[in-house]
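Colleague: I'd like to go over a predicted model; first the sequence, then the structure.
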Amino acid sequence: MKRLFADIGLITSKDLKIELRSRVLTNQVAPFALMILVLFGIALDADQQSLRNFASGLFWISVLLCALMAISRSMTIERDDEALVGLNLSGVDPIAIFLGKTCAIAIQLLVLEIFLGVGIILLYRSEVEDLWLLVATGLFACIAVSALGTIFGFLASGLGVRETLLPILLLPLLLPVLIGATRAFDDALGVAAINGWNWFAFVAGLTVLLTGVGAGANYLLAEN
Amino acid sequence: MSVVKLEGLVALLEGFPALTGVDLTVNAGEIVFVKGPNGAGKTTLLHLCAGLIQPKEGKGQILGHDLSSERTPIRKRVGLLSHSSGLYRDLTVLENITFWTQIAGVEKSEIDNRISWALERMELDNKLQNQKVRSLSVGQKRRASLAVFIVRRPDLWLMDEPHAGLDQEGRQAVDDLIEESVKAGATVIVASHDLERVLNLATRVVTLSGGAVVGVDHGGNK
């Protein structure tokens, strides 16, 4: 167990170090996210109240689109010079590879969520009514997105499927996370009279399920 | 004692038969040279021995483990030097070697010694150690890959074109490493087009054609 956690830490820190060096998150993903928020605002040509009402959905659509970039990038660094073959040969537990890469993507998405959160407050004038609900949903939903993204990234690599297919495979399956997280955010931002904590529980359950299924699937992929 | 024992092994690549019934036994301490034209199945054979490919038919044992059902323990004990560097481009040479040493589960107390030894053996000086992999030349990258390869000290060395991209000194360093590893108890299988150089090192020469072994001869190192 100690070895498993040590390997997860090694893989996560390696991925984050590579991302910090390449600056893809800061120079490409973050501006892309900001652009989505601004373009949605312009396209909807809405007044401030409408934007506030749509803020949760726009926030999570932005996160999902940016997640596709982060997942694709995470798989590319393993594929570029066949480093993934080395990982498989190193004897490291496939579950550690899966969780290590999931953690690295989740940390990047968390940073992005903070950035986007500030974006919707400044651009859409959203107001936070339940900070804890916002933080808890943001944390669990980004883990769910990262877990499903990582397993589909490995599947796409293993099956030789083109990267362009990743959104088609992944986005429909992320729909429950999108719905749950948006509803919880609606309550946290005070734009819907619903119990957001129920929706948070739904997202948290999905997170546990997707992480478990992802770890198991990656183990089977590595063995076969 | 046989380290590699393959009987009628068939392996598919993208649905096409890359190995069509390989029979091969490699004993401990041997240096076996695998030759053959492009597409003969040399690389697939090495990947199969590394436990990266599931055999379709036939029986196989690597280091006493069944090739169909015990591929995880096989992977832990073999080293594969392939055409690709297997390195992370945005990390430095030293960061790469440190990562691969740690992830291989080398004892903490031994990590620094192993890394220093590997860097010294592949003549990667301080300046090169701190350079990002993406800025290295082909030969320097090959040296870094070799350092990562030897730092794990595998029991079975599987080397695909190990001399590719190296200068004369580098090629000699690879030959010396192969001979030293065998003295230390390892077994080596090399696929190469550098016939003259490898023939002198090899104890046996296996010729592959069309995915099957078509000849086995003695090498220059009997």
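Modeller: Here it is on my side, so go on. Numbering: from 1, shown residues only, chains lettered A, B, ... in the order given.
Colleague: read off the pLDDT value for residue B:201.
Modeller: Residue B:201 is assigned 83 on the pLDDT scale.
Colleague: then residue A:85?
Modeller: On the pLDDT scale, residue A:85 is placed at 87.
Colleague: confirm it sits in a helix?
Modeller: Yes: according to DSSP: H, G, I helix; E, B strand; the rest coil, the state of residue A:85 is that of a helix.
Colleague: correct me if wrong: it contacts residue B:81.
Modeller: No: using Cβ atoms under 8 Å as the test, residue A:85 is too far from residue B:81 to be in contact (11.0 Å). Any C-beta I mention is one placed from the backbone N, CA and C, and that applies to glycine too.
Colleague: those two: which is more packed in?
Modeller: Comparing residue A:85 with residue B:81 by other Cβ atoms under 10 Å in any protein chain shown, the one with more neighbours is residue B:81, at 25 against 19.
Colleague: now that the more buried one has come up, it's in contact with residue B:162, right?
Modeller: Yes: under the criterion of Cβ under 8 Å, residue B:81 makes contact with residue B:162 at 5.7 Å.
Colleague: shared neighbours, the two?
Modeller: residue B:146 (Cβ atoms under 8 Å, 6 or more residues apart in numbering or on different chains).
Colleague: for chain A, see how far away residue B:166 is.
Modeller: Distance of residue B:166 to chain A, given as Cβ to the nearest Cβ, to the nearest Å: 17 Å.
Colleague: do you know the pLDDT at that residue?
Modeller: Residue B:166 is assigned 88 on the pLDDT scale.
Colleague: pull the number of nearby residues for it.
Modeller: Neighbourhood size, residue B:166 [other Cβ under 10 Å]: 20.
Colleague: helix or strand right after the one helix or strand in chain B whose mean pLDDT sits lowest?
Modeller: When the helices and strands of chain B are scored by mean pLDDT, DSSP states H and E, helix B:195-201 comes last with a mean of 77. Per DSSP states H and E, the first helix or strand lying C-terminal to helix B:195-201 is strand B:204-209.
Colleague: residues of that next one that come out buried?
Modeller: B:204-208 (16 or more other Cβ atoms under 10 Å in any protein chain shown).
Colleague: now stretch B:63-77
Modeller: If you call a residue buried by 16+ other Cβ under 10 Å, then stretch B:63-77 has these buried ones: B:63, B:65, B:67, B:71, B:74-77.
Colleague: chain center to the helix or strand containing residue A:182, what's the gap?
Modeller: Assigning secondary structure by DSSP H and E places residue A:182 in helix A:175-188. What separates the centre of helix A:175-188 from the centre of its chain is 14 Å, taken as Cα atoms, centre = their mean, to the nearest Å.
Colleague: for chain A, which helix is longest?
Modeller: Across chain A, the helix with the greatest residue count (assigned by DSSP state H) is helix A:48-79.
Colleague: which secondary structure elements does that one sit against?
Modeller: helix A:2-22, helix A:30-44, helix A:83-89, helix A:94-123, helix A:131-158, helix A:166-173, helix A:175-188 (3 or more Cβ pairs under 8 Å, 6 or more residues apart in numbering or on different chains; DSSP states H and E).
Colleague: which residues touch the longest helix seen in chain B?
Modeller: Ranked by residue count under DSSP H, the longest helix found in chain B is helix B:168-183. Helix B:168-183 is contacted from outside by B:29-31, B:121-123, B:139, B:142-143, B:146, B:150, B:157, B:159, B:162-163, B:166, B:188, B:190, B:194, B:197, B:201, using Cβ under 8 Å, 6+ apart.
Colleague: restricted to buried residues, select those residues in ChimeraX.
Modeller: Provided next is the ChimeraX selection string for whichever of these are buried by 16+ other Cβ under 10 Å:
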select /B:29,30,31,121,122,142,143,146,150,157,159,162,163,166,188,190,194,197,201
